[in-house]
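In: Sequence first, then the predicted structure, then my questions.
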Amino acid sequence: MTRGLTPLSPDDVTALFTRADGEFFFARWGRPIAPVVFGVEPETVSILKGAIEALCVLTGHRMSETDPELGANLMVFFLREWSELTETPNLDCLIPDLGPLVARLEAAEANQYRIFRFDEDGAIRACFAFIRMDAHLTDVPAETLALNQMVQAVLVWSDTAFTETSPLAIAEGRAILRPDIGDLMRAAYDPVLPAMAQDPSHALRLAARVGRVS
């Protein structure tokens, strides 16, 4: 546990993986993360990959240059308008019902969306992250945006997990991962635990480990 910080309670952990419809669902990556980034300058690509690498060091997970099955298994797309997705060659082969999805995102005026794919054991197999750079996100520093997005790609969190509070904090003018969320992410990648769980009791196992990490 990080000194001076109150660890997340079992109820806190449960809420972070309980969706708006009441379903509990937890999943982590089961294979090395092989990222590719579209729509930004090379400097931003480096920042994003640096954020992934830092989270892999934190959790004890691994990165890779390529995925033997998919080539890249974490695809991050930056765009100005959701309509750009339907103009991306072959994306409709990766994302079924791409047209209706774009229409829903436009109607909701969303600025981000993630799609996960899973292996047979329920571990994360791939993640497609879409970030529409609206007026709000354009004002966010690249390092902050990168870390926030990668935190949400390294685990399958609840769709309501960070609507009220951010997984990040500010220290000396810079965005950092909240220590309690960092402790939880380390616990989530404990190899003793399953890569996927749908029983809320899994939150109790995570919370017990959160109190022991350092």
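Out: Thanks, I have the structure now.
In: Next one: residue 141 from residue 74, what distance?
Out: 21 Å (Cβ to Cβ, to the nearest Å). Bear in mind the C-beta positions are built from the backbone N, C-alpha and C, glycine included.
In: ok, the two, which is more surrounded?
Out: Taking other Cβ atoms under 10 Å, residue 141 and residue 74 do not tie; residue 74 has more neighbours (24 against 11).
In: wait, isn't the more buried one in contact with residue 35?
Out: Yes - using Cβ atoms under 8 Å, residue 74 makes contact with residue 35 at a distance of 4.2 Å.
In: In the longest helix belonging to the chain, which residues are buried?
Out: In the chain, assigned by DSSP state H, the helix with the most residues is helix 42-59. The neighbour-count check on helix 42-59 (16 or more other Cβ atoms under 10 Å) flags 44, 45, 47, 48, 49, 51, 52, 55, 56, 58, 59 as buried.
In: by contact count, what packs against the next helix or strand after that helix?
Out: Proceeding N to C from helix 42-59, the next assigned helix or strand is strand 74-79, under DSSP states H and E. Where contact means 3 or more Cβ pairs under 8 Å, 6 or more residues apart in numbering; DSSP states H and E, strand 74-79 is packed against strand 35-38, helix 42-59, strand 124-132, helix 142-154.
In: try 10 Å
Out: Secondary-structure packing of strand 74-79 (3 or more Cβ pairs under 10 Å, 6 or more residues apart in numbering; DSSP states H and E): strand 35-38, helix 42-59, helix 91-94, strand 112-118, strand 124-132, helix 142-154.
In: List the buried residues of the third one.
Out: Neighbour-count burial for helix 91-94, with 16+ other Cβ under 10 Å as criterion, is recorded at residue 91.
In: Could I have the CA atoms of that helix written out in PDB?
Out: Extracted in PDB, the C-alpha atoms of helix 91-94 (Å, rounded to 0.1, in the frame of the first residue of the first chain):
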ATOM      1  CA  LEU A  91     -11.600  -0.900 -40.700                       C
ATOM      2  CA  ASP A  92     -15.100  -2.300 -41.200                       C
ATOM      3  CA  CYS A  93     -13.400  -5.800 -41.400                       C
ATOM      4  CA  LEU A  94     -12.100  -5.300 -37.900                       C
END
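In: Which positions within the next helix or strand after that helix qualify as buried?
Out: Note on helix 91-94: by DSSP H and E, the next helix or strand toward the C-terminus is helix 98-108. Neighbour counts over helix 98-108 (16+ other Cβ under 10 Å) mark 101, 102, 105 as buried.
In: List the contacts of helix 98-108.
Out: The contact list for helix 98-108 (Cβ atoms under 10 Å, 6 or more residues apart in numbering) reads 81-86, 88, 91-92, 95, 97, 110-113, 115, 130, 132.
In: Now list the buried members of these.
Out: 82, 84, 85, 91, 95, 111, 112, 113, 130, 132.
In: Where does the second one sit: helix, strand or coil?
Out: The one in question is residue 84. What DSSP: H, G, I helix; E, B strand; the rest coil gives for residue 84 is helix.
In: related to what we said a few turns ago, report all helices and strands that the longest helix of the chain contacts.
Out: On a contact count with 3+ Cβ pairs under 10 Å, 6+ apart, helix 42-59 meets strand 35-38, strand 74-79, helix 142-154, strand 174-177, helix 179-188.
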